[in-house]
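Student: test case, fold it:
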Amino acid sequence: MKLRVQDVEFGYTSSPTIRDVTFGVEAGDLLSIVGPNGVGKTTLLKCLNRILQPRRGAVLLDGDDLTTMARTAVARRVGYVAQRSVASRMTVYDMVLLGRIPRIGWGVGSDDLRVADAVIELLGLGELALRYADELSGGELQLVQIARALVQEPLVMLLDEPTSNLDINNQHRLMSTIQQVVRSNAIAAIMTIHDVNLAIRYANKFILMRDGAVFAAGGREVITPAAMRAVFSIEVHVGEVSGIPFLVPL
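Tutor: Predicted coordinates:
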């Protein structure tokens, strides 16, 4: 699996919100998009799965341009977890099963139930399966949203600030789960995130955005004091403890 984003541009007005965005991911990659508020991170995610239609450029998944495909066809290949979700009076199992809609024919079949069962087990949601979604904690609900995206059997998952509003324990549990899911299912994940320390601990690829464009892209080597100064206007020290890199604002 290979996703290639080439020269993507989008704007809500005549001025572009994002422009000249180019990068690529492959199976097993967890890519973090970081940058200041309002720089276009969420807009970029929405352009990758046709929630928004880019003005120009291409989003190529194994050679097929997602920007020219029907949204139902895109949904079979790309799973999306929004930054905010509304918990409904629906059981966790039914909520997860909704993710099969792009693949369901005349009705829910044994394959759909098998996939839902497997994803619920993978994410450790078995004990919550018959509970109502509006009874869950923020961390539990976030896992359910990820499960719903996974049952689509996507090649790429898009996650918009998946750790927002979670405590430190649930942040690391969720990021570890995402990392495990990406590796065990040979898919790619692209997420927006504000916590650079979480990003560099769990992701292997990064995009730093500034003024609607890609300032830097690559591995951990792009997370430097100079880059943080240019993107976030802050001085930092980049260190390492037990092989884990971290940033300390100065």
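Student: rounded mean pLDDT for the strand or helix carrying residue 141, please.
Tutor: Per DSSP states H and E: residue 141 is located in helix 138-150. Helix 138-150 comes out with an average pLDDT of 88.
Student: show me what that helix is packed against.
Tutor: strand 78-81, helix 92-97, helix 110-122, strand 156-160, helix 168-185 (3 or more CB pairs under 8 Å, 6 or more residues apart in numbering; DSSP states H and E). C-beta coordinates here come from the backbone N, C-alpha and C atoms, glycine included.
Student: in that helix, what's buried?
Tutor: Residues of helix 138-150 classed as buried by neighbour count (16 or more other CB atoms under 10 Å): 139-150.
Student: just stretch 74-91 next, same as before
Tutor: Buried, per 16+ other CB under 10 Å, within stretch 74-91: 74-75, 77-82, 87, 91.
Student: ok, stretch 93-102 next?
Tutor: Result for stretch 93-102 [16+ other CB under 10 Å]: buried residues 93, 95-97, 99-100, 102.
Student: who's in contact with the most centrally placed residue in the chain?
Tutor: Nearest to the geometric centre of the chain sits residue 159, at 2.3 Å (CA atoms, centre = their mean). Residue 159 makes contacts with 81, 146, 178, 189-192, as judged by CB atoms under 8 Å, 6 or more residues apart in numbering.
Student: who does it form a beta bridge with?
Tutor: residue 81, residue 191 (DSSP bridges).
Student: hmm, back to that, can I get the contacts of residue 159 in JSON lines including distance to residue 238?
Tutor: Shown next, in JSON lines, are these (distance: CB to CB, whole Å):
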{"residue": "81", "distance to residue 238": "29"}
{"residue": "146", "distance to residue 238": "30"}
{"residue": "178", "distance to residue 238": "23"}
{"residue": "189", "distance to residue 238": "24"}
{"residue": "190", "distance to residue 238": "23"}
{"residue": "191", "distance to residue 238": "21"}
{"residue": "192", "distance to residue 238": "21"}
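Student: the residues you listed: which two are farthest apart?
Tutor: Spatially, the most separated pair among the contacts of residue 159 is 146 and 192, at 14.6 Å (CB to CB).
Student: run through this structure and note the low-pLDDT ranges.
Tutor: Segments of the chain classed as low confidence (criterion: pLDDT under 70) are 86-87, 105-106.
Student: in the protein, which spans are strands?
Tutor: Secondary structure of the chain (DSSP state E): strands at 2-10, 18-26, 30-34, 56-61, 64-65, 78-81, 156-160, 188-192, 205-210, 213-218, 236-241, 244-249.
Student: dump these into CSV; add distance to residue 172 as well.
Tutor: CSV is the format used below for those (distance: least, CB to CB, whole Å):
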stretch, distance to residue 172
strand 2-10, 26
strand 18-26, 23
strand 30-34, 14
strand 56-61, 30
strand 64-65, 35
strand 78-81, 18
strand 156-160, 15
strand 188-192, 15
strand 205-210, 18
strand 213-218, 24
strand 236-241, 15
strand 244-249, 11
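Student: just to revisit the earlier point, I'd like the helices and strands packed on helix 138-150 written out as a markdown table, with distance to residue 205 added.
Tutor: Shown next, in a markdown table, are these (distance: least, CB to CB, whole Å):
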| stretch | distance to residue 205 |
| --- | --- |
| strand 78-81 | 17 |
| helix 92-97 | 28 |
| helix 110-122 | 23 |
| strand 156-160 | 13 |
| helix 168-185 | 11 |
